[in-house]
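Colleague: Pasted the sequence and its predicted model underneath.
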Amino acid sequence: MLIYICNAILNTGIFPDREKNSIIKQILKKGDDQDITNYRPISLLTSFSKVIKKLIYARLFDHITTNSILVNE
């Protein structure tokens, strides 16, 4: 079932809106915890989004290297 969904996303180019949502957590870098500039945001994505991201990266990288689209520089 996951393969079917992944292929449908790649064929149509449409990523489900429901999977675009993430949870943003604020992580204290260092210093005073009352100063908002001492925090950095972390986006927590669903596992499905991560799988799709890696799949798209792998296919795009393969296409770029196979067709010599990018120069070495």
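Modeller: Thanks, I have the structure now.
Colleague: Need phi/psi at the residue nearest the centre of the chain.
Modeller: The C-alpha lying nearest the average C-alpha coordinate of the chain belongs to Lys53 (Cα atoms, centre = their mean; 4.8 Å). The phi/psi pair for Lys53 (degrees, to the nearest 10) reads phi -60, psi -50.
Colleague: For it, list the residues it contacts.
Modeller: Shown in contact with Lys53 (Cβ atoms under 8 Å, 6 or more residues apart in numbering): Leu45. Just so you know, the C-beta spots here come from the backbone N, C-alpha and C atoms, and that holds for glycine as well.
Colleague: all helices in this structure, in order from the N-terminus.
Modeller: Using DSSP state H, the helices of the chain run over 2-12, 47-66.
Colleague: Between those, which one is closest to Asn21.
Modeller: helix 47-66 (9.1 Å; Cβ to Cβ).
Colleague: ok so, going back, I'd like the helices of the chain laid out as JSON lines, including mean pLDDT and distance to Gly31.
Modeller: As requested, the helices of the chain are exported to JSON lines (pLDDT from 0 to 100; distance: least, Cβ to Cβ, whole Å):
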{"stretch": "helix 2-12", "mean pLDDT": "86", "distance to Gly31": "42"}
{"stretch": "helix 47-66", "mean pLDDT": "88", "distance to Gly31": "31"}
